[in-house]
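**Q** sharing a sequence plus its predicted fold:
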Amino acid sequence: MFNVIEDFYHPSDFGLVVANFMNLHWKATYQSKVQLYGGNRFNAYPCHETDIFEKDDNSFSTYNILKNTFENKTNIKVLKLKTFLRKIKFKEIKKAACYKNNKPHKDDLEWDIAGLIYFNSGSLKDGTYIYNSEYDFDPSIIIGSKMNRCTYYDTQVWHSPGMEQEIEERWVQPFFIVHKKETLEKINEA
(Lines give C-alpha, C1' and ligand atoms only; values in the text may rest on other atoms or scores of the structure.)
Protein backbone atom coordinates (compact mmCIF):
# COMPACT_ATOMS: atom_id res chain seq x y z
CA MET A 1 0.00 0.00 0.00
CA PHE A 2 1.33 3.40 -0.98
CA ASN A 3 -0.51 6.58 -1.84
CA VAL A 4 0.30 10.02 -3.20
CA ILE A 5 -1.65 13.22 -2.57
CA GLU A 6 -0.77 16.27 -4.66
CA ASP A 7 -1.24 19.77 -3.20
CA PHE A 8 -1.60 18.22 0.25
CA TYR A 9 -1.67 21.34 2.41
CA HIS A 10 -3.90 24.32 1.70
CA PRO A 11 -1.56 27.18 0.59
CA SER A 12 -1.98 29.09 3.87
CA ASP A 13 -1.25 25.95 5.94
CA PHE A 14 1.72 25.14 3.71
CA GLY A 15 3.10 28.61 4.44
CA LEU A 16 2.64 28.17 8.20
CA VAL A 17 4.53 24.87 8.17
CA VAL A 18 7.30 26.26 5.91
CA ALA A 19 7.84 29.08 8.44
CA ASN A 20 8.88 26.39 10.93
CA PHE A 21 11.80 25.41 8.72
CA MET A 22 13.26 28.88 9.20
CA ASN A 23 12.30 29.54 12.80
CA LEU A 24 12.60 26.33 14.84
CA HIS A 25 15.59 24.83 16.63
CA TRP A 26 17.32 21.97 14.79
CA LYS A 27 19.46 19.20 16.21
CA ALA A 28 21.98 17.17 14.24
CA THR A 29 20.94 13.53 14.40
CA TYR A 30 20.68 10.42 12.23
CA GLN A 31 18.32 7.67 11.10
CA SER A 32 17.61 5.01 12.10
CA LYS A 33 17.81 5.61 15.81
CA VAL A 34 17.43 1.87 16.45
CA GLN A 35 21.23 1.52 16.30
CA LEU A 36 23.95 3.87 17.54
CA TYR A 37 26.25 3.21 14.55
CA GLY A 38 29.41 3.55 16.60
CA GLY A 39 28.46 7.02 17.80
CA ASN A 40 29.13 8.54 14.38
CA ARG A 41 26.05 9.92 12.61
CA PHE A 42 27.87 9.58 9.26
CA ASN A 43 27.77 5.80 9.69
CA ALA A 44 23.97 6.18 9.33
CA TYR A 45 21.67 8.61 7.47
CA PRO A 46 22.69 12.05 8.80
CA CYS A 47 19.95 14.64 9.14
CA HIS A 48 18.73 17.55 11.24
CA GLU A 49 15.38 17.37 13.03
CA THR A 50 13.04 19.45 15.14
CA ASP A 51 11.47 18.16 18.31
CA ILE A 52 8.35 16.06 17.84
CA PHE A 53 5.25 18.23 17.54
CA GLU A 54 2.81 17.61 20.36
CA LYS A 55 -0.98 17.55 20.29
CA ASP A 56 -2.41 20.83 21.58
CA ASP A 57 -5.48 23.05 21.43
CA ASN A 58 -4.04 25.46 18.84
CA SER A 59 -5.76 24.75 15.51
CA PHE A 60 -2.81 26.41 13.73
CA SER A 61 -0.21 24.10 15.26
CA THR A 62 1.79 21.92 12.88
CA TYR A 63 0.42 18.81 14.60
CA ASN A 64 -3.22 19.84 14.14
CA ILE A 65 -2.70 21.11 10.60
CA LEU A 66 -1.28 17.71 9.58
CA LYS A 67 -3.90 15.69 11.47
CA ASN A 68 -6.85 17.66 10.08
CA THR A 69 -5.48 17.76 6.53
CA PHE A 70 -4.69 14.02 6.52
CA GLU A 71 -8.14 13.09 7.83
CA ASN A 72 -9.87 15.39 5.33
CA LYS A 73 -7.85 14.20 2.33
CA THR A 74 -7.92 10.45 3.14
CA ASN A 75 -11.05 9.82 5.23
CA ILE A 76 -8.77 7.91 7.63
CA LYS A 77 -9.38 8.68 11.31
CA VAL A 78 -6.07 9.40 13.07
CA LEU A 79 -5.94 7.79 16.53
CA LYS A 80 -2.29 8.61 17.21
CA LEU A 81 0.18 10.81 15.33
CA LYS A 82 3.91 11.50 15.47
CA THR A 83 5.42 14.20 13.28
CA PHE A 84 8.42 16.52 13.12
CA LEU A 85 10.45 18.33 10.46
CA ARG A 86 13.67 17.10 8.91
CA LYS A 87 16.43 18.74 6.86
CA ILE A 88 18.87 16.61 4.88
CA LYS A 89 22.06 18.35 3.77
CA PHE A 90 23.53 16.95 0.58
CA LYS A 91 27.13 17.67 1.64
CA GLU A 92 26.52 15.46 4.69
CA ILE A 93 24.79 12.68 2.74
CA LYS A 94 27.77 12.50 0.37
CA LYS A 95 30.03 11.79 3.39
CA ALA A 96 27.72 9.13 4.85
CA ALA A 97 28.19 5.37 4.63
CA CYS A 98 24.69 5.03 3.19
CA TYR A 99 25.40 7.31 0.22
CA LYS A 100 26.47 4.57 -2.20
CA ASN A 101 25.05 1.73 -0.12
CA ASN A 102 21.42 2.71 0.41
CA LYS A 103 19.41 -0.22 1.77
CA PRO A 104 15.64 -0.47 2.10
CA HIS A 105 14.03 -0.61 5.54
CA LYS A 106 10.64 -0.98 7.20
CA ASP A 107 9.29 1.29 9.92
CA ASP A 108 8.26 0.50 13.48
CA LEU A 109 5.30 -1.87 13.98
CA GLU A 110 3.98 0.57 16.60
CA TRP A 111 2.52 2.55 13.67
CA ASP A 112 0.13 1.59 10.85
CA ILE A 113 1.10 4.29 8.35
CA ALA A 114 4.34 6.13 7.62
CA GLY A 115 4.57 9.09 5.30
CA LEU A 116 6.40 12.14 4.12
CA ILE A 117 5.50 15.59 2.85
CA TYR A 118 8.02 17.30 0.55
CA PHE A 119 8.61 21.02 0.86
CA ASN A 120 11.36 22.30 -1.41
CA SER A 121 12.53 19.76 -3.94
CA GLY A 122 11.23 18.29 -7.15
CA SER A 123 13.10 15.27 -8.39
CA LEU A 124 12.91 11.51 -8.77
CA LYS A 125 16.44 11.36 -7.35
CA ASP A 126 15.49 12.50 -3.85
CA GLY A 127 12.00 11.06 -3.54
CA THR A 128 10.92 7.85 -1.84
CA TYR A 129 11.98 4.49 -3.25
CA ILE A 130 9.65 1.50 -2.79
CA TYR A 131 11.05 -2.07 -2.92
CA ASN A 132 9.55 -5.56 -3.07
CA SER A 133 11.99 -6.90 -0.46
CA GLU A 134 15.04 -6.00 1.59
CA TYR A 135 17.23 -7.84 -0.93
CA ASP A 136 16.31 -5.70 -3.95
CA PHE A 137 19.05 -3.45 -5.31
CA ASP A 138 16.72 -1.35 -7.43
CA PRO A 139 13.37 0.09 -6.39
CA SER A 140 10.14 -1.21 -7.92
CA ILE A 141 8.54 2.23 -7.66
CA ILE A 142 9.97 5.71 -7.25
CA ILE A 143 7.75 8.44 -5.84
CA GLY A 144 9.43 11.66 -6.88
CA SER A 145 9.68 14.59 -4.52
CA LYS A 146 7.51 17.56 -5.40
CA MET A 147 6.64 20.63 -3.39
CA ASN A 148 3.55 19.98 -1.21
CA ARG A 149 3.28 16.34 -2.28
CA CYS A 150 2.40 13.81 0.41
CA THR A 151 3.19 10.13 0.12
CA TYR A 152 2.12 7.56 2.68
CA TYR A 153 2.32 3.79 2.95
CA ASP A 154 1.99 0.85 5.30
CA THR A 155 4.92 0.83 7.74
CA GLN A 156 5.86 -2.67 6.58
CA VAL A 157 6.54 -1.59 3.01
CA TRP A 158 10.26 -1.74 2.17
CA HIS A 159 11.44 1.77 1.30
CA SER A 160 14.37 4.17 1.35
CA PRO A 161 15.05 7.83 0.68
CA GLY A 162 16.57 8.88 -2.61
CA MET A 163 20.15 10.04 -2.02
CA GLU A 164 20.94 12.13 -5.09
CA GLN A 165 19.57 15.49 -4.04
CA GLU A 166 19.60 18.26 -6.61
CA ILE A 167 19.43 20.90 -3.88
CA GLU A 168 21.80 21.50 -0.97
CA GLU A 169 19.15 21.16 1.73
CA ARG A 170 16.08 18.94 1.37
CA TRP A 171 13.09 19.77 3.60
CA VAL A 172 10.53 17.09 4.53
CA GLN A 173 7.93 16.37 7.18
CA PRO A 174 7.92 12.70 8.22
CA PHE A 175 4.84 11.38 9.98
CA PHE A 176 3.63 8.15 11.56
CA ILE A 177 -0.03 7.32 12.17
CA VAL A 178 -2.05 4.76 14.08
CA HIS A 179 -5.53 4.37 12.62
CA LYS A 180 -6.40 0.81 13.65
CA LYS A 181 -7.95 0.34 17.09
CA GLU A 182 -6.14 -2.98 17.55
CA THR A 183 -2.76 -1.29 17.02
CA LEU A 184 -3.62 1.35 19.60
CA GLU A 185 -4.72 -1.36 22.05
CA LYS A 186 -1.37 -3.17 21.65
CA ILE A 187 0.48 0.08 22.34
CA ASN A 188 -1.58 0.77 25.45
CA GLU A 189 -1.02 -2.79 26.76
CA ALA A 190 2.78 -2.48 26.47
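**A** Yes, it's here.

**Q** alpha carbons only for contacts and neighbour counts from here, please
**A** Noted.

**Q** what stretches of this protein score poorly on pLDDT?
**A** Along the chain, the model assigns pLDDT under 70 to residues 33-39, 190.

**Q** which residues touch the residue nearest the centre of it?
**A** In the chain, the residue lying closest to the centroid (CA atoms, centre = their mean) is residue 174, at 2.4 Å. For residue 174, the contact set (CA atoms under 8 Å, 6 or more residues apart in numbering) comprises 83-86, 114-117.

**Q** what would those residues look like in CSV with neighbour count, distance to residue 5 and secondary structure?
**A** As requested, the contacts of residue 174 are exported to CSV (neighbours: other CA atoms under 10 Å; distance: CA to CA, whole Å; DSSP: H, G, I helix; E, B strand; the rest coil):
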residue, neighbour count, distance to residue 5, secondary structure
83, 22, 17, strand
84, 17, 19, coil
85, 24, 19, coil
86, 22, 20, strand
114, 24, 14, strand
115, 20, 11, strand
116, 22, 11, strand
117, 26, 9, strand
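
**Q** closest to residue 95 out of these?
**A** For those, the closest approach to residue 95 (CA to CA) belongs to residue 86, at 18.1 Å.

**Q** okay, and the beta partners of that closest one?
**A** residue 49, residue 172 (DSSP bridges).

**Q** how near is it to residue 109?
**A** Distance from residue 86 to residue 109, counting by CA to CA, to the nearest Å: 21 Å.

**Q** how many residues are close by residue 22?
**A** Using other CA atoms under 10 Å, residue 22 has 9 other residues around it.

**Q** now it: phi and psi?
**A** phi -100, psi -20 (degrees, to the nearest 10).

**Q** measure the residue nearest to the centre of the chain to residue 186 for me?
**A** 23 Å.

**Q** end-to-end on stretch 113-129?
**A** First-to-last residue span, stretch 113-129, CA to CA: 16 Å.

**Q** list of residues touching it?
**A** Residues outside stretch 113-129 that contact it (CA under 8 Å, 6+ apart) are 18, 107, 139-155, 159-167, 170-179.

**Q** check the offset of that stretch from the chain's centre.
**A** 8 Å (CA atoms, centre = their mean, to the nearest Å).

**Q** return the set of buried residues in it.
**A** Neighbour counts over stretch 113-129 (16 or more other CA atoms under 10 Å) mark 113-119, 121-129 as buried.
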